[in-house]
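> Dropping the sequence and predicted coords here.
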Amino acid sequence: MKGHCILSHGFESGPDATKVTALADVAERLGWTHERPDYTDLDSKRKVTPLGDVPARIARLLALVQAAAQRGPVVLAGSSLGAYISGHVSQQVPVAGLFLMAPPVVMQGAPPMPAAPVPTSILHGWHDELIPAQQVVDWATPRSARLLLVNDGHRLSDHVQVSAEAFAALLGAL
């Protein structure tokens, strides 16, 4: 085993979502173990915030990372809100890398997305209707993150294979 990948789905998505499933396949093929936490129960709590219970999402991921980190290197990957919580948790427990798809680097009512200074790869759509590409470019620049901007929207549905290839490149570089 090379390490463990924790793949976090986006808001109102699920652990069987197309992108995180593609990343799980890549991790397995490259000799990494993986898990896909389910946050759907927390996303349904819109009374907490419009994005569900974000602090509970962070706490759930943190507990998983703390357990996995005792066994070896951990890579966090996430889509949208899953990317946001991955960045947060990366500052609390050492991780080997981050893979962020459509990361909400700026969210109303929340601080800018934090992230540990680890190898980071980002995939974002030029035409993301929720998160302007320029915000992601500005966030990635001081981190010298690998950033791939594609002709797609927030869901990156036309670039699932590209997501998988970019994740494979990150894992291969670690």
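Nice, I can see it. Numbering: from 1, shown residues only.
> For the chain, just list every one of the helices.
All helices of the chain, identified by DSSP state H, fall at 18-29, 40-43, 54-69, 81-90, 133-140, 160-173.
> which other helices and strands contact the second one?
Right, the one you point to is helix 40-43. If you count contacts as 3 or more C-beta pairs under 8 Å, 6 or more residues apart in numbering; DSSP states H and E, helix 40-43 packs onto helix 54-69. The way it works is simple: take the backbone N, C-alpha and C, and place the C-beta from them, glycine included.
> The helix it packs on: which residues count as buried?
Val54, Arg57, Ile58, Arg60, Leu61, Leu64, Val65, Ala68, Ala69 (16 or more other C-beta atoms under 10 Å).
> Would you convert the helices of the chain into JSON lines that also reports distance to Gly109 and mean pLDDT?
Listed next are the helices of the chain as JSON lines, based on distance: least, C-beta to C-beta, whole Å; pLDDT from 0 to 100:
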{"stretch": "helix 18-29", "distance to Gly109": "26", "mean pLDDT": "95"}
{"stretch": "helix 40-43", "distance to Gly109": "17", "mean pLDDT": "80"}
{"stretch": "helix 54-69", "distance to Gly109": "10", "mean pLDDT": "93"}
{"stretch": "helix 81-90", "distance to Gly109": "13", "mean pLDDT": "95"}
{"stretch": "helix 133-140", "distance to Gly109": "16", "mean pLDDT": "97"}
{"stretch": "helix 160-173", "distance to Gly109": "28", "mean pLDDT": "97"}
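> Name the stretch among these that sits most buried.
helix 81-90 (a mean of 27; mean count of other C-beta atoms under 10 Å).
> residues in contact with it?
Helix 81-90 is contacted from outside by 6-11, 13, 20, 39, 51, 54, 57-58, 61-62, 65, 76-78, 95, 98, 100-104, 107, 113-116, 118, using C-beta atoms under 8 Å, 6 or more residues apart in numbering.
> How far off centre is it?
6 Å (C-alpha atoms, centre = their mean, to the nearest Å).
> of all the helices of the chain, which lies closest to Leu123?
helix 160-173 (5.4 Å; C-beta to C-beta).
> quick one: contacts of the closest one?
2, 5, 18-19, 22-23, 25-27, 29-30, 32, 75, 77, 97, 99, 101, 119, 121, 123, 146, 148, 150, 156.
> got the angle between that helix and helix 18-29?
Helix 160-173 runs at 40 degrees relative to helix 18-29, counting by axes from the mean of the first three to the mean of the last three C-alpha atoms, to 10 degrees.
> quick one: helix 160-173 to chain centroid distance?
13 Å.
> re earlier: got a markdown table for the buried residues of helix 54-69, with distance to Asp138 too?
Shown next, in a markdown table, are those (distance: C-beta to C-beta, whole Å):
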| residue | distance to Asp138 |
| --- | --- |
| Val54 | 22 |
| Arg57 | 25 |
| Ile58 | 23 |
| Arg60 | 29 |
| Leu61 | 25 |
| Leu64 | 30 |
| Val65 | 27 |
| Ala68 | 31 |
| Ala69 | 30 |
